[in-house]
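Enquirer: Output the structure for:
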Amino acid sequence: MLRTARIGTAGPEPFDAPDVAQAVNTMSKTITFDLPSTDDLDAMARAGQTGPLTDVRAQAYRACRDLLDGAELSGRDLLASERRDYDRLMRALDRIDLALGEAQRAVEDRDRARAPYEHIVRPPFGPVGVGGSGGGEIRRMLAEGRGLDLPYPSVESRDLTYYTGSSGANLLPTSMARQIYAKLEPMSGVLAAGPRLLDTATGEPLVLPTCSSHGTAALLGAGSAIAEADPAWGQVSLSSYKFGQLAQAPQELIADAGVDLDGFLASDFGHAMGRAVGQKLTLGTGTNEPGGITTAGFGTAAVMGTGVAGAPSYANLNTAVFALGPAYRTNARWIVSDTFLASVMGMTDTTNRPIFLPPGQVGSPPTLLGYPVFTDPWLPAMATASISCYFGDWESAFVVRRVGQMRVERSVEYAWDRDVVSFRCLSRWDAATLDQTAATSLIGGTA
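Expert: Next comes the predicted model:
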């Protein structure tokens, strides 16, 4: 809650254990902003959000300066109430600095994890062409008798918000590749949760190391032999499986200059490809198709309550979180079914605080126990003996390979007798588990 008071007044009484929000919101000066709570700061640190944390620090610093400047202009020292507020703010700044340091380390850890794969990852592509009223890219393709190679928006793209209308994006054309991918990614909670994405120019088998358990170390006495404790290493070979869709459009539709054909086809291709690819990233067996997270062999953190259709408890969720090691929890995210999320949205912790929080800003996901949560339409509904919830560091646990560029091609001969133009969209994908210890799951109890 936002509290206000006046400089020089007694102000509210100090809290026994003030957090960051209380440190700022109980000042004896009118406050026009509300800093995140300690839990929110921890979540931003785990996500590596250095920019928002820097902004928060600047706000707290300005509040300190306001107190000091007010006293200086009045030619006096800080009043007792102002001194208490100033001390709270300084403690808040210390906490923000710690969070900022954790966020910077999280970014550095992710960069180090990507480094071994940079030699096989294709560099980012720029826009191929633009859509807009009249379907310009499609019409140019027809006039020149060619197909389109549509690059993915970026090498490791996980942000669905490329532009926002308030920033003027409504005035900017969008490439067809971005339009397709913007429709494709929301169809898969696995893609949205941020697995490791590898873009390769060709589709030959790609062998990567995997790990199902880690080695251990022990305290040794002088002259003691070192016991062998090897990690359980393995290999996974990524192939390339083709996904495609065929769509047809009458010549009259193409000739109509008022139709945004680029936008229509991009939306249709994106939804169709997203459903096909997303299903395999969740349910794929890994045999003649990509492997999915449900067949990845991740461990089970807890069995949920019995006789309640597999609904989780607050204790179950906490068990899942702490089933992961601290290094994995830093970048962990939930992937859940719609029914699972619906069952926890009104749940509270032991102090009656909600554990589910809606998005804090446009384009950001909601959080569950402070960790981002994504729904996947292909996970089974919550039920007894059913796994409808996964929690893990997906960049460490799961890899998705995209091969070459997404291709959009056309043919006027295929359906010549009906005077329609045929379009097809093609792309190649594969996926597999990298580290089985980097993710876990919750399974519904028996009836």
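Enquirer: how long is stretch 352-369 end to end?
Expert: With Cα to Cα, to the nearest Å applied, stretch 352-369 spans 13 Å between its terminal residues.
Enquirer: what do you get for stretch 222-232?
Expert: Using Cα to Cα, the end-to-end distance of stretch 222-232 comes to 28 Å.
Enquirer: which residues touch stretch 44-56?
Expert: If you take Cβ atoms under 8 Å, 6 or more residues apart in numbering as the criterion, stretch 44-56 is touched by 35-36, 41, 96, 98-100, 102-104, 106-107, 110, 329-332, 370-372. To be clear about C-beta, it is placed using only N, CA and C from the backbone, and glycine gets the same treatment.
Enquirer: Now for the closest residue to G360 other than its chain neighbours, how many residues are close by?
Expert: Excluding its sequence neighbours, the residue lying closest to G360 (Cβ to Cβ, 6 or more residues apart in numbering) is D40, at 7.4 Å. D40 has 20 neighbours, counted by other Cβ atoms under 10 Å.
Enquirer: Check T216 too.
Expert: 9.
Enquirer: How about A43?
Expert: 20.
Enquirer: what's it in contact with, if anything?
Expert: 367, 370-371.
Enquirer: If we only consider the residues you listed, which is nearest to L67?
Expert: G370 (30.5 Å; Cβ to Cβ).
Enquirer: contacting residues around the closest one?
Expert: With contacts defined as Cβ under 8 Å, 6+ apart, G370 is in contact with 39-40, 42-43, 46.
Enquirer: Does Y241 touch T287 like I think?
Expert: No. Judged on Cβ atoms under 8 Å, Y241 makes no contact with T287 at a distance of 10.8 Å.
Enquirer: helix, strand or coil for the closest residue to S188 other than its chain neighbours?
Expert: Nearest non-adjacent residue to S188, counting by Cβ to Cβ, 6+ apart: G278, 3.1 Å away. With DSSP: H, G, I helix; E, B strand; the rest coil as the basis, G278 sits in helix.
Enquirer: One more: F391?
Expert: F391 - assigned by three-state DSSP - is strand.
Enquirer: What helices and strands are in contact with the helix or strand that contains G244?
Expert: G244 is part of strand 241-250, with elements assigned from DSSP states H and E. Strand 241-250 makes packing contacts with helix 261-283, strand 420-433 when contacts are defined by 3 or more Cβ pairs under 8 Å, 6 or more residues apart in numbering; DSSP states H and E.
Enquirer: and of those, who's closest to A63?
Expert: Nearest of the helices and strands packed on strand 241-250 (Cβ to Cβ): helix 261-283, 45.1 Å.
Enquirer: That closest one to strand 241-250, inter-axis angle?
Expert: Here the directions of helix 261-283 and strand 241-250 differ by 150 degrees (axes from the mean of the first three to the mean of the last three Cα atoms, to 10 degrees).
Enquirer: Alpha carbons of helix 261-283, in CSV - could you do that?
Expert: Extracted in CSV, the C-alpha atoms of helix 261-283 (Å, rounded to 0.1, in the frame of the first residue of the first chain):
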residue,chain,number,x,y,z
LEU,A,261,-2.7,-10.9,-48.3
ASP,A,262,0.6,-10.9,-46.5
GLY,A,263,-1.1,-10.5,-43.2
PHE,A,264,-3.7,-13.1,-43.9
LEU,A,265,-1.3,-15.8,-45.0
ALA,A,266,1.2,-15.0,-42.2
SER,A,267,-1.5,-15.4,-39.6
ASP,A,268,-2.8,-18.6,-41.1
PHE,A,269,0.6,-20.1,-41.6
GLY,A,270,1.7,-19.1,-38.1
HIS,A,271,-1.2,-20.6,-36.3
ALA,A,272,-1.0,-23.9,-38.3
MET,A,273,2.7,-24.3,-38.0
GLY,A,274,2.5,-23.4,-34.3
ARG,A,275,-0.1,-26.1,-33.6
ALA,A,276,1.9,-28.7,-35.5
VAL,A,277,5.3,-27.8,-34.0
GLY,A,278,4.0,-27.1,-30.5
GLN,A,279,2.3,-30.4,-30.2
LYS,A,280,5.6,-32.3,-30.9
LEU,A,281,7.6,-30.1,-28.6
THR,A,282,5.3,-31.2,-25.8
LEU,A,283,4.2,-34.7,-26.7
